[in-house]
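Undergrad: Below: sequence and its predicted model.
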Amino acid sequence: MTTLYDFTVKDIKNNDWNLADLKGKVVLFVNVASKCGFTKQYAGLEELYKTYEPKGLIIVGAPCNQFGGQEPGSEEEIQNFCTLNWSVTFPLTAKLDVNGDNEAPVYKWLKESQPGILGLKRVKWNFEKFLINREGKVVKRFASTTEPKSLAAEIEKLL
């Protein structure tokens, strides 16, 4: 049976990141973009991270340029944007695809674990969120329109 811990991604510095390093943590996986109407959610995500990271939450931001070309920068530009504009301290992956022929295997698994509305196995837009329990299983999926602060109760249940 597959869990989050079976995957490796590239981190924002292009190093291999074995997600088994997250064993025992509650993880919120979010596809992010710098030039999106939802980009302001970085502030709410960082607030969640600061509040719950000491209790075992890890937020993983996964930059993706598949929706309207809203993440056009290099990994270095993305990291600088997130740090300077939103004071982001949670980890980011290198840019990846969340749909299509080149989708990251972790995203194929996330979507199969929690299909969207009508069972669709696609990410619809930037800032979709997947909540993963301490056993590495996806327990809930949230739409782009879901504000990070509204996830607090769900996160607390898993912590």
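TA: The structure has been received and is ready for your questions. Numbering: from 1, shown residues only.

Undergrad: quick one, phi/psi of Thr93?
TA: In terms of degrees, to the nearest 10, the main-chain angles of Thr93 are phi -90, psi 170.

Undergrad: please begin residue numbering at 12 from this point
TA: Taking 12 as the first residue, the last one we looked at is Thr104.

Undergrad: So which residues of this protein form strands?
TA: Listed in chain order, the strands of the chain (DSSP state E) span residues 19-21, 27-29, 37-43, 68-74, 140-143, 149-153.

Undergrad: Just the CA atoms of the fourth one, as CSV, please.
TA: Just to be clear, that refers to strand 68-74. Extracted in CSV, the C-alpha atoms of strand 68-74 (Å, rounded to 0.1, in the frame of the first residue of the first chain):
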residue,chain,number,x,y,z
LEU,A,68,2.6,20.0,10.9
ILE,A,69,4.6,20.4,7.8
ILE,A,70,3.3,22.4,4.9
VAL,A,71,4.8,21.5,1.5
GLY,A,72,4.5,24.2,-1.2
ALA,A,73,4.8,22.7,-4.7
PRO,A,74,5.3,25.5,-7.3
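
Undergrad: helices and strands around it, which ones?
TA: Contacts defined by 3 or more C-beta pairs under 8 Å, 6 or more residues apart in numbering; DSSP states H and E place strand 68-74 against strand 37-43, helix 52-63, helix 86-97. (Glycine included, C-beta is placed from N, CA and C.)

Undergrad: Identify whichever of those lies nearest to Tyr16.
TA: Shortest distance between Tyr16 and these, using C-beta to C-beta, is found for strand 37-43: 10.0 Å.

Undergrad: related to what we said a few turns ago, and the helices and strands packed on strand 68-74 as a markdown table, adding mean neighbour count and mean pLDDT?
TA: Formatted as a markdown table, those follow (neighbours: other C-beta atoms under 10 Å; pLDDT from 0 to 100):
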| stretch | mean neighbour count | mean pLDDT |
| --- | --- | --- |
| strand 37-43 | 25 | 98 |
| helix 52-63 | 18 | 98 |
| helix 86-97 | 16 | 95 |
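
Undergrad: For those, could you give me CSV that also reports distance to Val134?
TA: Rendered in CSV, the data for those read as follows (distance: least, C-beta to C-beta, whole Å):
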stretch, distance to Val134
strand 37-43, 6
helix 52-63, 15
helix 86-97, 18
